[in-house]
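In: structure, please.
(chains A and B)
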Amino acid sequence: MSKLNSIAISDNGFLFKPSTGESFTTNEIGLIILNLLKEGKTHEEIINSIMEEFDVDEINAGRDLYEFLDFLKKENLID
Amino acid sequence: MMNKKIYERPVLRKVVEGIPNKFGSLKRLRPIEFIDNVSINSLIDKYGSPVFVLSEKTIRETYRSAYRAFSTRYPKVQFAWSYKTNYLDAVCRIFHQEGSWAEVVSGFEYEKALDNGISGNKIIFNGPDKSKKDLIRAIKNNSLIHIDHFDELYTIIELSKELEETPQVAIRINMDTGIIPQWDRFGFNYENGEAWNAVNRILSTGKIELIGLHTHIGTYISTSKAYEIAIRKLAELANKTYERFQTSIEYIDIGGGFASQNTLQGAYLPATDTTPSFDDYAHAITTAMIAEKFPNNIAPTLILETGRALIDDAGWLAGTVLANKRLADGNRAMVIDTGVNLMFTAFWYDHEIYPVKETSFQSEPTTIYGPLCMNIDVIRKKIDFPLLNKGDRFVIKRVGAYTMTQWMQFITYRPNIVLIDENEEVHLIRKEEDKEVFRRQELIPDHLKND
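Out: As a prediction, this is how the structure comes out:
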């Protein structure tokens, strides 16, 4: 997750990518996922910790996580 | 166990500089949980999804404010409920209780009006399609037949001889009032003398009573000038008629066409900011009526057939999210269980849609599709909408006009319609369809029957 480490992420969900000057906003869940990714957690671990904290089942949490990861890839924020 | 936090899907939005939204940032869409203090969730739980909901309180309040706007400005005012806008019996009966006559445009609507207890002489029969059978019944019931074209006029002349009855008629007149487009497909034209010819044909028979003049200059008319011109021309015709035949016109029917507060697609400002009020219309129309001199200085009754503006606000459509998906361009799409089959009006209106429950603090540009297997089934294109999940509920505002008459039965059954009365009691007023409804209508030839 070297790419993600070069991105400035604020506590309220503002992302800045110094290499290109792009910025993004995300919501609370997005922020949690980004932080867990930075910690090197696996997808299963991320899904589990979201399920612990929020009212959501595994299928929905997983579906949304993979969609979110696709976005991050599309924006070249992760590999 | 500790209560878990409400989940919402993770989102990522790129901050784009230099292209600010011209409307500024969107204020958060507040959910709508109740209609007349009845919870929308409880309605869906009991009556299924989707479900149309009508508010009796709103219908009565809207009617009363419209009636007040006109009756405080003009001595003789009569509303006639436009059946085609919403001909559910319960709805029609509310308007009739309030004092509205019936305005119908087909034999089917005519029968409905009679079933709703309206006497024949309080039914205005409009439209280009009246069968001979329809006309005979209308003549015998002393209904007010508004003649649309010469072929119809000749049929009525024939019938008046055959039946030895005196039909009561009005003629519909189209004219140039400076409004574009000029509606010239209904009725007789004023400027080319057709309307005057029709008056002469009617009154020279001596067997038909001409009691009214009817015009409908268009929809969304907010300039009083147009009504002034229209009423001046009708008054001229009434005076000419009196001079030649000593017949007084008893009423002027100015039609309907008052806009509702739904925003037309492509409009720059929301209709809630631009739609004229009943008082605006009433001022324009009654000022013109009072300014004109009618025969013997007797003011004719003013008849109004407004439909849309009286019922749109009272109707709601509640339903459920079926799925969320991403389109090829990355944009979000939401599929809901109500499509253009139930909301024909989505083709020209930007209907307001709200979540029923607070589910998300984020919104995203979303295109909302109906459930039909058709590409045209779009309810809203790219609106900022909160991230609802599958199974979440929504409600669409202002769907009382034309939806429940123009809806299509396509690949699915039409849903329940409920009415919330003034005591907040809920009544089922039209049952959802099931396969028996369709089985009853269909016949299977012997050679296709299974043994």
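In: C-alpha only now, for contacts and for neighbours.
Out: OK.
In: what mean pLDDT would you report for stretch B:324-336?
Out: Regarding stretch B:324-336, the rounded mean pLDDT is 87.
In: which parts of that stretch are buried?
Out: Residues of stretch B:324-336 classed as buried: B:Asn324, B:Arg332, B:Ala333, B:Met334, B:Val335, B:Ile336 (neighbour count, 16 or more other C-alpha atoms under 10 Å in any protein chain shown).
In: how about the fourth one: which residues does it bridge to?
Out: Beta-bridge pairing for B:Met334 (DSSP bridges): B:Asn324, B:Ile368.
In: and for residue 53, the neighbour number?
Out: No chain was given, so I picked chain A. Residues contacting A:Glu53 under the criterion other C-alpha atoms under 10 Å in any protein chain shown number 14.
In: um, chain B though
Out: For B:Val53, the count of nearby residues is 26 (other C-alpha under 10 Å).
In: over to the one 10 residues further on?
Out: Other residues lying near B:Tyr63 total 21 when counted by other C-alpha under 10 Å.
In: for it, which non-adjacent residue is spatially closest?
Out: Of all residues not flanking B:Tyr63 in the chain, B:Leu310 sits nearest, at 6.0 Å (C-alpha to C-alpha, 6 or more residues apart in numbering or on different chains).
In: hmm, that neighbour is touching B:Ser65, no?
Out: No. Look at B:Leu310 against B:Ser65 with C-alpha atoms under 8 Å: they stay out of range, at 9.5 Å.
In: number of residues surrounding the residue nearest to B:Tyr63?
Out: Counted with other C-alpha under 10 Å, B:Leu310 comes out at 28.
In: now B:Asn126
Out: 23.
In: how about A:Leu31, secondary structure?
Out: When classified by DSSP: H, G, I helix; E, B strand; the rest coil, A:Leu31 comes out as helix.
In: that one against A:Ala8, yeah?
Out: No. Using C-alpha under 8 Å, A:Leu31 is not in contact with A:Ala8, being 11.9 Å away.
In: so which of the two has more stuff around it?
Out: More neighbours surround A:Leu31 than the other of A:Leu31 and A:Ala8, with 22 against 13 (other C-alpha under 10 Å).
In: so how far is B:Leu54 from that one?
Out: Look at A:Leu31 and B:Leu54: by C-alpha to C-alpha, to the nearest Å, they are 43 Å apart.
In: element containing residue 78, please.
Out: Defaulting to chain A. Taking DSSP states H and E as the definition, A:Ile78 sits outside all helices and strands.
In: think we crossed wires, I meant chain B
Out: Here B:Gln78 sits within strand B:77-82, counting by DSSP H and E.
In: pLDDT on the host helix or strand of B:His96, on average?
Out: Using DSSP H and E, B:His96 sits in helix B:89-98. Helix B:89-98 carries an average pLDDT of 98.
In: any idea whether the residue positioned nearest the centre of chain A is helix, strand or coil?
Out: Closest residue to the average C-alpha location of chain A: A:Leu34 at 3.0 Å, with C-alpha atoms, centre = their mean. Using three-state DSSP, the secondary structure recorded for A:Leu34 is helix.
In: tell me the secondary structure at the residue nearest to B:Tyr63.
Out: Per three-state DSSP, B:Leu310 ends up helix.
In: for it, give me its contacts.
Out: For B:Leu310, the contact set (C-alpha atoms under 8 Å, 6 or more residues apart in numbering or on different chains) comprises B:Ile59, B:Thr62, B:Tyr63, B:Ala66, B:Ser260.
In: and the helix or strand hosting the first one with helix B:89-98, angle?
Out: Assigned by DSSP H and E, B:Ile59 belongs to helix B:56-71. Using axes from the mean of the first three to the mean of the last three C-alpha atoms, to 10 degrees, the inter-axis angle of helix B:56-71 relative to helix B:89-98 is 40 degrees.
In: what's next to helix B:56-71, contact-wise?
Out: B:77, B:79, B:94-95, B:98, B:278-279, B:282-283, B:286, B:310-311, B:313-314, B:419-422.
In: filter these to the buried ones?
Out: B:77, B:79, B:94-95, B:278-279, B:282-283, B:286, B:310-311, B:313-314, B:419-420.
In: before we move on, the earlier item: the strand holding B:Gln78 pairs with which strands, parallel or anti?
Out: Within its sheet, strand B:77-82 is paired with strand B:101-104 (parallel), strand B:301-304 (parallel), according to DSSP bridges.
In: nearest to B:Ile252, of these?
Out: When the strands paired with strand B:77-82 are compared by C-alpha to C-alpha, strand B:301-304 sits nearest B:Ile252, at 5.2 Å.
In: residues touching B:Glu103, list them.
Out: Contact analysis of B:Glu103 by C-alpha under 8 Å, 6+ apart lists B:Ala80, B:Trp81, B:Ser82, B:Tyr83, B:Ile123, B:Ile124, B:Phe125, B:Asn126, B:Glu305.
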